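Visitor: sequence first, then the predicted structure:
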Amino acid sequence: MFSRLRVLVSRIHGWLTIGCLDQDFEQELEGHMALLTEENIRRGLTPEEARRDARLRLGGVTQLREIHRELQGLPWLETVVQDLRYALRMLRKNPGFTVVAILTLALGIGASTAIFTVINAVLLRPLLYANPQQLVTWRGNESLLDVDDIRGQSRLFSAGGAVNAETMDYTGGPEPLAVHAGYLDAGLFQALGVPAMLGRTLSPEEDRLGGPRVVVLAYSFWRECLAGDANVVGKTIPLSGNHYTVIGVMPAAFVVPEYDLDVFVSLRVVYPEAAAYRGVHFMRSYWRLKPGVTLAQAAAGMAAVDARLAADYPSYDKGRHTVPVPLQQWVTGNVRSALWVLFGAVGMVLLIACANFAGLLMARTVTRRREMVIRATLGGGRHRLIRQALTESTLLAVLGGGGGLLLANLGTRLLVAAKPAALAHLNGVSMDPAVLLFGWPYQP
Amino acid sequence: MRKDRSEILQGTLDLMVLKTLDAMGPLHGYGIARRIEQISQEVLQINQGTIYASLVRLLQKGWISGAWGPSENKRKARFYSITKRGRKQLAAKAENWERIAGVMGRVLQLEVRR
């Protein structure tokens, strides 16, 4: 092991200093030849014969030089470089073929990788909350008073909270900016179970009617509008005509399900009228089941809560029928099958692209038969020729794959920018190592 | 090629070079080649040049070292000598070689039974 490392180091050194080593070797051979010749002369040969015999006994100098050089350097690296250079030349010579081949691969890889990126973000990557399997939500929206009552009346949930997205004007930058504000209650942060990256989240003491104006920032807003100020906690920022004290910054991975939000403020503080009114059911609520509580138990428990609410507030809460749904299922529900179908379709496209690519290569190989025969005749070994061919296709594949990843990046952005309703909650769609890994094996 | 000469088994040349340097002290390529030829009583057919490939391999493994110095005919020559690591390797390889040679000998002396 260690010895192999030594050899490698020595070879790299040799490769870098090949000129010097060649000179040394030349000198060594010359000396050897002289000694042999002298020995022959001592044995009684004529100088002419002595030199001839010395050459014979030493062996072919050219061949020796070649072996020596191969031992000293990194022949495989040199061959790779040589093959690559040749492959590039061949690709430049046939621009039509090259462009078609690369485009074919790039389109196939790009489309499937883009779709896989979305699938990865939506279906495969688990929700980024602590113990996501405990999180539930339901179809009906709630008023904040109802949320309070559910929290108070049921023994099902360890935490729960609600949010509604509104627009606020941020006037702290060079130009006024409309930002997405989450009007929420403190329970939401508890339910999602994500701590702040800097500072802290909203406390129940602040989350009350007439409470202090404080704000929690989303990571992206903090980076883009406040230049990622590490000492931002305690400073104030102007929002919709009021000054809010920054109490925390959320980590980059944090998202509120279904929303793309920049800042988080207390509904009770910003919009007390709505907070105190039971009649408008406008907030999405998210709940964390207590450990051991099953979905069925939660449904039964909520039926009881529904009945109580309907009895207490017939004019606002009659006809409630709350069915808790796991958050993961809620978030992916409608798109799940559609995405898989799309993925299948794109997979087919990729297969076709691969078939086309193979066909192209094959056609080209046929036209290059002559070249191959000539090279074989000139002494190109079987392995060497195969290696050369492989280098060429690998180069094509890498170029195609690179193009594919570019296209995938673009495609993903298009997909997300189009914001299909079903993907509304998708803020975190981006290419990650898993995606790159997905794109990789398709390169032949 | 003369019929009564044997070809060198792959890999054994390195061992021979190592042993020669161990026994004779520092030598240049020509000296090593001559020495091996003499000891083998001209049975072994070597292109003296192949010694140099062997020398490079041994140098790379750190089993021998080389230094330039004046040769018998006042030319500059590279003298090789065995290193401590080389001695250790030599002991191990020689033992292995003797074991194999012993087995080969016994196998080849098997009586023919029909």
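Guide: Ah, there it is.

Visitor: centre of the chain to the longest helix along chain B, how far?
Guide: Using DSSP state H to assign secondary structure, the helix with the most residues in chain B is helix B:84-108. For helix B:84-108, the gap between its own C-alpha mean and the chain's C-alpha mean amounts to 13 Å (CA atoms, centre = their mean, to the nearest Å).

Visitor: give me the number of residues near the closest residue to chain B within the stretch 1-150 of chain A?
Guide: Per CB to the nearest CB, A:Gly59 is where the stretch 1-150 of chain A lies closest to chain B, at 3.2 Å. For every residue, glycine as well, the C-beta is placed using N, CA and C. The burial count assigned to A:Gly59 is 18, neighbours taken as other CB atoms under 10 Å in any protein chain shown.

Visitor: what does A:Phe157 give?
Guide: 23.

Visitor: any low-confidence regions in the stretch 201-350 of chain A?
Guide: Within the stretch 201-350 of chain A, the stretches with pLDDT under 70 are A:334.

Visitor: show me where it has strands.
Guide: A:214-217, A:236-239, A:242-249, A:263-266, A:284-289, A:325-326 (DSSP state E, counting those that start in this stretch).

Visitor: what residues of stretch A:341-349 count as buried?
Guide: Within stretch A:341-349, the residues that qualify as buried by neighbour count (16 or more other CB atoms under 10 Å in any protein chain shown) are A:Phe343, A:Val346, A:Gly347.

Visitor: quick one: the helices in chain B?
Guide: For chain B, the helices defined by DSSP H cover B:12-24, B:29-39, B:50-61, B:84-108.

Visitor: next one: phi and psi at A:Val163?
Guide: Recorded main-chain torsions at A:Val163 are phi -150, psi 150, according to degrees, to the nearest 10.

Visitor: quick one, what contacts it?
Guide: Going by CB atoms under 8 Å, 6 or more residues apart in numbering or on different chains, A:Val163 touches A:Gly182, A:Tyr183, A:Leu184, A:Asp185, A:Leu188, A:Val256, A:Tyr259, A:Leu261, A:Met283, A:Arg284, A:Tyr286.

Visitor: just these: which are in helices?
Guide: Among these, the residues falling in helices (DSSP H) are A:Leu188.

Visitor: for the lengthiest helix in chain A, what is the average pLDDT?
Guide: For chain A, the helix with the greatest residue count under DSSP H is helix A:382-418. Mean per-residue pLDDT for helix A:382-418: 86.

Visitor: make a markdown table out of the strands of the stretch 201-350 of chain A and add mean neighbour count and distance to chain B.
Guide: Written out in a markdown table, the entries for those read as follows (neighbours: other CB atoms under 10 Å in any protein chain shown; distance: least, CB to the nearest CB, whole Å):
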| stretch | mean neighbour count | distance to chain B |
| --- | --- | --- |
| strand A:214-217 | 25 | 60 |
| strand A:236-239 | 18 | 66 |
| strand A:242-249 | 19 | 57 |
| strand A:263-266 | 24 | 65 |
| strand A:284-289 | 24 | 64 |
| strand A:325-326 | 16 | 63 |
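
Visitor: which bits of chain A sit near chain B?
Guide: A:3, A:6-7, A:10-11, A:24-25, A:27-29, A:31-32, A:34-36, A:38-39, A:57-61, A:63-64, A:67-68, A:71-72 (CB under 8 Å from any CB of the partner chain).

Visitor: just give the nearest non-adjacent residue to A:Ile150, would you?
Guide: Taking CB to CB, 6 or more residues apart in numbering or on different chains as the measure, A:Ile150 lies nearest to A:Val305, with 5.6 Å between them; neighbours along the chain are not counted.

Visitor: can you count the residues close to the one you found?
Guide: For A:Val305, which is what you asked about, the neighbour count (other CB under 10 Å) is 19.

Visitor: surely it and A:Gly152 touch.
Guide: No - in this structure, A:Val305 is not within contact of A:Gly152 by CB atoms under 8 Å, at 9.7 Å.

Visitor: residue 49: neighbouring residues, count only.
Guide: Let's take chain A. Close neighbours of A:Glu49, defined as other CB under 10 Å, add up to 14.

Visitor: looking at chain B here, not the other one
Guide: Neighbouring residues of B:Gly49 were enumerated by other CB under 10 Å; the total is 22.

Visitor: can you pull out the low-pLDDT segments for chain B?
Guide: Per-residue confidence for chain B (pLDDT under 70) gives these ranges: B:1-10, B:45, B:114.

Visitor: which bits of it sit near chain A?
Guide: Residues of chain B found near chain A, taking CB under 8 Å from any CB as the criterion, are B:28-30, B:33-34, B:47-50, B:52-53, B:56-57, B:59-62, B:71-73, B:75-78.

Visitor: report the contact partners of B:Ala53.
Guide: The neighbourhood of B:Ala53, defined by CB under 8 Å, 6+ apart, consists of A:Leu64, A:Ile67, A:His68, A:Leu71.

Visitor: quick one, what contacts the residue of chain B found nearest chain A?
Guide: With distances taken as CB to the nearest CB, chain B approaches chain A most closely at B:Asn47, which sits 3.2 Å away. For B:Asn47, the contact set (CB under 8 Å, 6+ apart) comprises A:Arg57, A:Leu58, A:Gly59, A:Gly60.

Visitor: look up phi and psi at it.
Guide: When quoted as degrees, to the nearest 10, the phi and psi of B:Asn47 stand at phi -70, psi 120.

Visitor: look up how far B:Gly102 lies from it.
Guide: With distances defined as CB to CB, to the nearest Å, the gap from B:Asn47 to B:Gly102 amounts to 30 Å.

Visitor: please apply the same query to B:Ile36.
Guide: The gap separating B:Ile36 from B:Gly102 is 22 Å, by CB to CB.

Visitor: which of the two has more residues huddled nearby?
Guide: Each of B:Ile36 and B:Gly102 had its neighbours counted (other CB under 10 Å), and the higher figure belongs to B:Ile36 (19 against 10).

Visitor: just checking, that one touches B:Gln48?
Guide: No - with the criterion set as CB under 8 Å, B:Ile36 and B:Gln48 do not qualify as a contacting pair; they are 9.1 Å apart.

Visitor: ok, for A:Val293, nearest residue in space, not its chain neighbours?
Guide: Taking CB to CB, 6+ apart as the measure, A:Val293 lies nearest to A:Leu156, with 5.4 Å between them; neighbours along the chain are not counted.

Visitor: rewinding a little: just the buried members of the contacts of B:Asn47?
Guide: Applying the neighbour count, that is 16+ other CB under 10 Å, the buried entries in those are A:Arg57, A:Leu58, A:Gly59.

Visitor: ok so, going back, ok and the longest helix of chain B relative to helix B:50-61, angle-wise?
Guide: Taking axes from the mean of the first three to the mean of the last three CA atoms, to 10 degrees, helix B:84-108 and helix B:50-61 form an angle of 120 degrees between their directions.

Visitor: check which helices and strands helix B:84-108 sits against.
Guide: The elements that helix B:84-108 packs onto, with contact taken as 3 or more CB pairs under 8 Å, 6 or more residues apart in numbering or on different chains; DSSP states H and E, are helix B:12-24.

Visitor: list the buried residues of the helix it packs on.
Guide: With the criterion 16+ other CB under 10 Å, helix B:12-24 contains buried residues B:Leu13, B:Asp14, B:Leu15, B:Met16, B:Val17, B:Leu18, B:Lys19, B:Thr20, B:Leu21, B:Asp22.

Visitor: again with stretch A:273-280
Guide: Those buried within stretch A:273-280 under the rule 16+ other CB under 10 Å are A:Ala274, A:Ala275, A:Arg278.

Visitor: the second one and chain B, how far apart?
Guide: So that's A:Ala275. To chain B, A:Ala275 is 79 Å away according to CB to the nearest CB, to the nearest Å.

Visitor: contact partners for that residue?
Guide: The contact partners of A:Ala275, by CB under 8 Å, 6+ apart, come to A:Leu144, A:Leu145, A:Leu209, A:Leu267, A:Arg268.

Visitor: thanks a lot, catch you later.
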